[in-house]
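> After the sequence you'll find the predicted model.
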Amino acid sequence: MDAVEKILAHKHVRPTAMRLLVYKFLAAKERAVTLTDIENAFVKSDRTTLYRTIKTFSENGIVHQIEDGTGVAKFALCEDGCNCDIENDLHLHFHCNVCNQTQCLTDRKIPQIKLPAGYKAIDVNLVVKGVCNTCNDN
Ligand SMILES: [Zn+2]
Ligand SMILES: [Zn+2]
Ligand SMILES: [Zn+2]
């Protein structure tokens, strides 16, 4: 088994050829991708299959979905050992207003948020907007 097959197996996802390809595509990206980015990278593949692949990844803690305010959901690979647990695994995201890219700041964890009694968090999306290090160079 190669490394990616092991990661998928560990997350209880059967490593089909399509899943391995999509995982490797995501791993090669430093920024979060949209479903359209994935479709454009795999033009010969069935869109439904690609959508289901991302859905499976998302349900099994292989990718997480990011709402960066652009109205289009983006996806990025989870870190090793991530369970997408609100209390322990969530990190900050950065959206660059110049290049329109969104990236994970995985070493910037979101501190635990204490909600008032009777409130239950299901998802947290913390996105910082500004200018990324690449765009800031010029
Ligand atoms: Zn995760
Ligand atoms: Zn930028
Ligand atoms: Zn992220």
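Now that the structure is in, tell me what you want to look at. Residues are numbered from 1 along each chain as shown. Ligands and ions are numbered 1, 2, ... in the order given.

> what does this protein put close to ligand 2?
Residues of the chain lying close to ligand 2 by CB under 5 Å from the ion are 96, 98-99, 132, 135. In this view, the C-beta of every residue, glycine as well, is placed from N, C-alpha and C.

> make it 8 Å
96-101, 131-136 (CB under 8 Å from the ion).

> quick one: the helices in this structure?
For the chain, helices defined by DSSP state H occupy the ranges 3-10, 17-28, 35-41, 47-59, 133-136.

> what's across from the closest residue to Asn97 other than its chain neighbours in the sheet?
Nearest non-adjacent residue to Asn97, counting by CB to CB, 6 or more residues apart in numbering: Lys129, 5.8 Å away. With DSSP bridges as the criterion, Lys129 is bridged to His95.

> and Lys129, how many neighbours does it have?
Counted with other CB atoms under 10 Å, the neighbours of Lys129 add up to 12.

> any idea how far it lies from Ile86?
Applying CB to CB, to the nearest Å, one obtains 22 Å for the distance of Lys129 from Ile86.

> Which residues are in contact with the closest residue to Ile66 other than its chain neighbours?
Counting by CB to CB, 6+ apart, Ile66 lies nearest to Lys74, which is 4.5 Å off, once chain neighbours are set aside. For Lys74, the contact set (CB atoms under 8 Å, 6 or more residues apart in numbering) comprises 32-34, 65-66, 68, 102.

> State the pLDDT value of Lys74.
Listed pLDDT for Lys74 reads 96.

> Got a quick ChimeraX command for the buried subset of the contacts of Lys74?
Selection of the buried residues among the contacts of Lys74 in ChimeraX, burial being defined by 16 or more other CB atoms under 10 Å:
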select :32,33,65,66,68,102
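
> Redo the contacts of Lys74 as JSON lines? Include pLDDT.
As requested, the contacts of Lys74 are exported to JSON lines (pLDDT from 0 to 100):
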{"residue": "Ala32", "pLDDT": "97"}
{"residue": "Val33", "pLDDT": "97"}
{"residue": "Thr34", "pLDDT": "97"}
{"residue": "Gln65", "pLDDT": "94"}
{"residue": "Ile66", "pLDDT": "95"}
{"residue": "Asp68", "pLDDT": "94"}
{"residue": "Thr102", "pLDDT": "97"}
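
> All good on my end, thank you.
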